[in-house]
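K.L.:
Predicted structure and sequence below. I'll ask about it afterward.
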Amino acid sequence: MNNYRYRRLIDLSIRGACIAAVVIAIVPLVLVLTYVTVQGLSGLNLDFFTQLPKPVGETGGGMANAIVGTLEIVALASAIGVPIGILAGVYLSEFGNNRLGKSVRFAADVMSGVPSITVGLFVYGIIVLRTRQFSAWAGAVALAVLMLPTVTRTSEELLRLVPDSLREAALGLGVPRWRATLKVVLRTAAPGIATGVMLAVARVAGETAPLLFTAFGNRFWSASINQPTASLPVQIYTYAVSPYDEWHRQAWTAALVLVVLVLLLNVSARWALHQRVRAS
Amino acid sequence: MKTGPATATNGQPTRPTRGLEELDASSRDLTLHNGARASVPVPEGKEAKISTEDLRVYFGKTRVLHGVNLAVVKGAVTAIIGPSGCGKSTYLRCLNRMHEITPGARVEGRILLDDQDIHGSWIDPVLVRRRVGMVFQKPNPFPTMSIRENVLAGITLNGLRATDTDGVVERRLRQVALWDEVKDNLGRSGSSLSGGQQQRLCIARALALEPEVLLMDEPCSALDPIATARVEELIHELKESYTIVIVTHNMQQAGRVADYTAFFYMGELVEFDRTDVIFTQPKESRTEDYITGRFG
Amino acid sequence: MDTLHSRMSPLRRSGRHGGDALFKGLTAAFAVLIIALLADMAFEMARTSRLSLAHFGWQFIRSTNWDPVRDQFGALPFIYGTVVSSLLALVLAVPISLGASIWLSEFAPGWLKTPIAFLIELLAAVPSVVYGLWGIFVLCPLLRNVVEPLLGKMFGSLPLFQGARQGFGMLAGGIILAIMITPTITSVSREVMKAVPNVLREGSFALGATRAEVVRMAVLPFARSGLVGAVILGLGRALGETMAITMVIGNRSEISASLFSPSYTMASVIANEFTEATGDLYLAALAEIGLLLFAVTVALNIVARLLVWRVARSPV
């Protein structure tokens, strides 16, 4: 029975090694979140949310413009990317069992792996160069391009899950195809699609690289979306690599706000999904 | 009056769709696509509500329905029976142009609703389907809509206006004998009902559009016997006001609910007659073989 | 809007129902937009970099001379930095990710699976710049004060662990990249292993194999190409990562064998120098680096997905 004991030992050591791997994988998450919370909390005050950045060397000030900027850019990006993505997903699901559909899926998959900085370069070339300035809406376009593949594929998958019998029921009532798709099929898949959209938005809200050459940044309020606009991720980056302690402190606080925002979106999306899976 | 022999495309004579000598006074004569003469038998004194003349259906290159000449009598229940794959559902779906949804489906011949050919491309299938309603095999109420919204779905989805929507809901639900069971909570989701209730809800939904013809594709095959009995009862009541065509693989059901029965086999209409005649004195041997269970 | 009773009107088509064709065309247009965007991306980057492409040719990737003042641009240091940091990240992340995914897929008790998987996915939800921030103020000091002296003492004979220790450098970059690509490799590996048919596992169990042996005999051989695909996807992600690595890698364009020395990646040089680039050639050179990055990650992505698709039988 020596062989068996030996095999049992191997089994246990492999299990142990895998568990160790899981722990090692999770430790950084715990570390990062803890540090962000601890360091960031100290700078969390009303000023942070209401004041503009103070000039270098002065203490105090806040990141009101960056917070608003992020909300603005992400909202704009969603307004662009979400409808296009959902409608593209509708095409793929309802009409897309052909060569065109295959090419679109392939392109979407490839696009989801493209580095975000190259998307920034791309939008720089087509918008910033042409309009000769950095702007919030250029940043929004870059983020929209980033979220497009995810929203499209999620929408397609969820629309495919809607049973054909519902489509038939609507058509049998004399409803034209386009109306049946919008009012019955899309409506049925809506909760799942909303979850997917939330996850996509959470991902782009934290992106920095694509904004570096599009929205750029701003120490003040931006008067319109046609101007360079501050955003939380870019501000964190600028402050973090600066030599000023005060800015470092604010960077941690900003990181805390950003992480809370992103995690909230993430967790509520997954929780909503979990609830629906449980209910069905 | 005898009907002339019809000839198939390969030149071989097919069995004529005869029968109905004792009923037939006026049949509609027509010329088939290959030049032969045939006729669509119409029972004496009755009116054809919806009929097909030389209806051929192709899926891609394969022909699945071979020249069906059939007239559905107004205000009566016509059952379509036959073994699996004989084309009954395909035929039914032609009557409201639902076959078009299948990619690669092609139809030749005429489909007449009140003597108007509804098959042409200049006719809008959407409008056809408002006059010819359909109930499907598996009950399919819209899950995101309440019972009330489901009943009104045909109206709201089409952007039509109806006065007194509450009245419509109550009338249709009473018509399908569902009102008493659900009247206390019309806001419940459509899918929270039992299978039989869901199917009756789908029938109410179809009826809310006030169709003239109601097509039913094996409406009871997913239901238990009690629910089936209630739907059959409903069909009896409905035939006062509607023309009903029901596809069923259950011969006994055809015997229970239908006034007329059409027997399909391998894409052909083999025999059409009053139900009692089909089941007691069928004229075709294939019909007899089927109803005696020699094949299924 | 007509009423319920007005549709006794003739059945002829009215213009109203051309809606179907319009709808199909509109949605198709949006779908095609995706292909157009991808193509335009490639085209734009090629266009912006054509000056540099024409000027330097293949020298661009062979030369180590990056001198904006004299208009000399060689990208080799950045290519080196990118490749080495990503490979280092793989060396660190692959055992961890595979171990975690095997545990989640084969060993984990049901009630633990979801929370642990969720935590690992949360790793991917943390923004890159936050990792970078943590890297600057926590990881790099830790490396400088504790880890690197230790490594230098233990393995100092290897050129890998020689030289000045600042904390910021290749090792920091590799570690942070490893943290960031772990969730990618883990989740794709889990998908791949889920696709292994259960009958294979049952066959091994029936022969009396321990769970670990089942994994070795039945699961891994079947999933092998898919797991390779998962790793390649992780590599692609590492190559394209920008913010976190820019913040910890030191940003000095030198090629050195030591893991302690600072380095510079392709994404970092673009991030740092693009907005300050004076001169068309400078811009074009940076854009050419972006083009290279784009081309390589796209190629890797395609290869990876083909491998994963072979096992999982569906696009992941």
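P.N.:
Arrived safely, thanks for sending. Numbers count the residues shown, from 1 in each chain, chains lettered A, B, ... in the order given.

K.L.:
Sketch out the low-pLDDT regions of the stretch 151-296 of chain B for me.
P.N.:
Counting by pLDDT under 70, the stretch 151-296 of chain B shows low-confidence ranges at B:296.

K.L.:
which parts of it sit against chain A?
P.N.:
Residues of the stretch 151-296 of chain B lying close to chain A by Cβ under 8 Å from any Cβ of the partner chain are B:153-154, B:157-159, B:202, B:205-206, B:209. Bear in mind the C-beta positions are built from the backbone N, C-alpha and C, glycine included.

K.L.:
Which stretches in chain B count as strands?
P.N.:
All strands of chain B, identified by DSSP state E, fall at B:28-31, B:37-40, B:48-59, B:62-73, B:77-81, B:105-113, B:116-117, B:132-135, B:213-217, B:243-247, B:260-265, B:268-274.

K.L.:
helices and strands around the last one, which ones?
P.N.:
If contacts are counted by 3 or more Cβ pairs under 8 Å, 6 or more residues apart in numbering or on different chains; DSSP states H and E, strand B:268-274 sits against strand B:62-73, strand B:260-265, helix B:285-291.

K.L.:
Between strand B:260-265 and it, find me the angle.
P.N.:
Interaxial angle of strand B:268-274 relative to strand B:260-265 (axes from the mean of the first three to the mean of the last three Cα atoms, to 10 degrees): 160 degrees.

K.L.:
and strand B:268-274, how far out from the chain's middle?
P.N.:
The chain centroid and the centroid of strand B:268-274 are separated by 14 Å under Cα atoms, centre = their mean, to the nearest Å.

K.L.:
Equivalent analysis for the first one, please.
P.N.:
Distance of strand B:28-31 from its chain centroid, counting by Cα atoms, centre = their mean, is 22 Å.

K.L.:
What is the burial count for residue 118?
P.N.:
Unless you meant another one, I'm taking chain A. Residues within reach of residue A:118, counting by other Cβ atoms under 10 Å in any protein chain shown, total 29.

K.L.:
switch to chain C, that's the one I care about
P.N.:
For residue C:118, the tally of surrounding residues (other Cβ under 10 Å) stands at 14.

K.L.:
Next up, the contacts around it.
P.N.:
Residues in contact with residue C:118, defined by Cβ atoms under 8 Å, 6 or more residues apart in numbering or on different chains, are residue A:270.

K.L.:
before we move on, the earlier item: narrow the residues of the stretch 151-296 of chain B next to chain A to those that are buried.
P.N.:
B:153-154, B:157-158, B:202, B:205-206, B:209 (16 or more other Cβ atoms under 10 Å in any protein chain shown).

K.L.:
Just the ones in helices from these, please.
P.N.:
Secondary structure from DSSP state H places B:153-154, B:157, B:202, B:205-206 of those in helices.

K.L.:
could you dump those residues to a markdown table with distance to residue C:28?
P.N.:
Shown next, in a markdown table, are these (distance: Cβ to Cβ, whole Å):
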| residue | distance to residue C:28 |
| --- | --- |
| B:153 | 28 |
| B:154 | 28 |
| B:157 | 23 |
| B:202 | 32 |
| B:205 | 31 |
| B:206 | 32 |
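
K.L.:
among the residues you listed, which two are most distant?
P.N.:
Farthest apart among these by Cβ to Cβ are B:157 and B:202. That separation is 14.1 Å.

K.L.:
Next, count neighbours for residue C:256.
P.N.:
Residue C:256: 19 surrounding residues under other Cβ under 10 Å.

K.L.:
now swap in the one 5 residues further on and tell me
P.N.:
The number of residues packed around residue C:261, counting by other Cβ under 10 Å, is 20.
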